[in-house]
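Peer 1: Below is the structure, and that's it, no one-letter string:
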Ligand SMILES: Nc1ncnc2c1ncn2[C@@H]1O[C@H](COP(=O)(O)OP(=O)(O)O)[C@@H](O)[C@H]1O
Ligand SMILES: Cc1ncc(COP(=O)(O)O)c(N)n1
């Protein structure tokens, strides 16, 4: 049986994040990948040199083309850029009845370039959180979405509860932006917290870690795995991808999408 996943996200010309990271991750996990591009970025390991959003019509056409013929088993959203695109994507998810939806609330690139307009945060909260089967914020994104300061593990848990109350089914808070040698990714299912701990690898090559991690969760959900199994594989996938980086580009390089084998 062929499992299929759709990513609705921005294109990263540098190939380490966005649509490119998602498709590579789907492929490595033996899931057929499809895409609807929201914006094209001119980007490399040194930063973002340009952002060119597509029209709402162009995004709509791509999603509908995939939906009517290829029915994805799971859907991931990444860079959505504007309020108009968020509203359209939310409307399409509802129209096509997609349930296994992983929302990665991408806001800014590692180098600081905005990938979501500031005024679109409200639209993300209002339209996307209630549709999120899984939400994968990093700590700064969780701070923006909950309007909280997050420094301690207790505050991360409090924020996860808040996001759950805002309509998210499963909150997966990534710990890359935390302090210390140990890195903790947190899952909240509305009742309990689950933690995935790993050693923080000392490297500057972490471009696209968030996209890759969320794409691995999406691929596993497309294979009808549980959220617990999905996060488990995603964590091992990203750990291998960061451990065995490719050392390309002169800035913050990409992770290695072919390092992990199931
Ligand atoms: N230096 C690192 N070593 C090992 N894993 C990392 C490292 N940086 C990030 N990760 C992992 O990559 C994933 C994304 O992390 P994070 O940096 O929090 O998100 P984002 O890329 O969205 O900012 C998480 O699973 C996190 O644990
Ligand atoms: C098109 C696009 N989408 C998302 C990211 C975020 O990347 P990261 O996973 O490093 O936070 C990016 N840099 N570019």
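Peer 2: All right, it came through fine. This is a predicted model, so every value here is computed, not measured. Ligands and ions are numbered 1, 2, ... in the order given.

Peer 1: alpha carbons only for contacts and neighbour counts from here, please
Peer 2: OK.

Peer 1: show me what contacts residue 41?
Peer 2: For residue 41, the contact set (Cα atoms under 8 Å, 6 or more residues apart in numbering) comprises 10, 11, 12, 13, 48, 49, 50, 51, 52.

Peer 1: And the helix or strand the fifth one falls within, what does it pack against?
Peer 2: To tie it back to what came earlier, the one meant is residue 48. Residue 48 is part of strand 47-53, with elements assigned from DSSP states H and E. The helices and strands touching strand 47-53, judged by 3 or more Cα pairs under 8 Å, 6 or more residues apart in numbering; DSSP states H and E, are strand 32-44.

Peer 1: Name the residues of the strand it packs on that come out as buried.
Peer 2: Within strand 32-44, the residues scored as buried using 16 or more other Cα atoms under 10 Å are 32, 33, 34, 35, 36, 37, 38, 39, 40, 41, 43, 44.

Peer 1: Where do the strands of the stretch 101-250 of the chain begin and end?
Peer 2: 101-103, 134-135, 170-173, 182-188, 193-199 (DSSP state E, counting those that start in this stretch).

Peer 1: Now mean neighbour count and distance to residue 152 too, for the ones you listed, in JSON lines please.
Peer 2: JSON lines is the format used below for those (neighbours: other Cα atoms under 10 Å; distance: least, Cα to Cα, whole Å):
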{"stretch": "strand 101-103", "mean neighbour count": "26", "distance to residue 152": "24"}
{"stretch": "strand 134-135", "mean neighbour count": "28", "distance to residue 152": "20"}
{"stretch": "strand 170-173", "mean neighbour count": "24", "distance to residue 152": "13"}
{"stretch": "strand 182-188", "mean neighbour count": "20", "distance to residue 152": "11"}
{"stretch": "strand 193-199", "mean neighbour count": "13", "distance to residue 152": "14"}
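
Peer 1: Could you export those strands to JSON lines, including columns for mean pLDDT and distance to ligand 2?
Peer 2: Putting these into JSON lines (pLDDT from 0 to 100; distance: least, Cα to the nearest ligand atom, whole Å) gives the following:
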{"stretch": "strand 101-103", "mean pLDDT": "98", "distance to ligand 2": "12"}
{"stretch": "strand 134-135", "mean pLDDT": "98", "distance to ligand 2": "14"}
{"stretch": "strand 170-173", "mean pLDDT": "98", "distance to ligand 2": "13"}
{"stretch": "strand 182-188", "mean pLDDT": "96", "distance to ligand 2": "15"}
{"stretch": "strand 193-199", "mean pLDDT": "96", "distance to ligand 2": "18"}
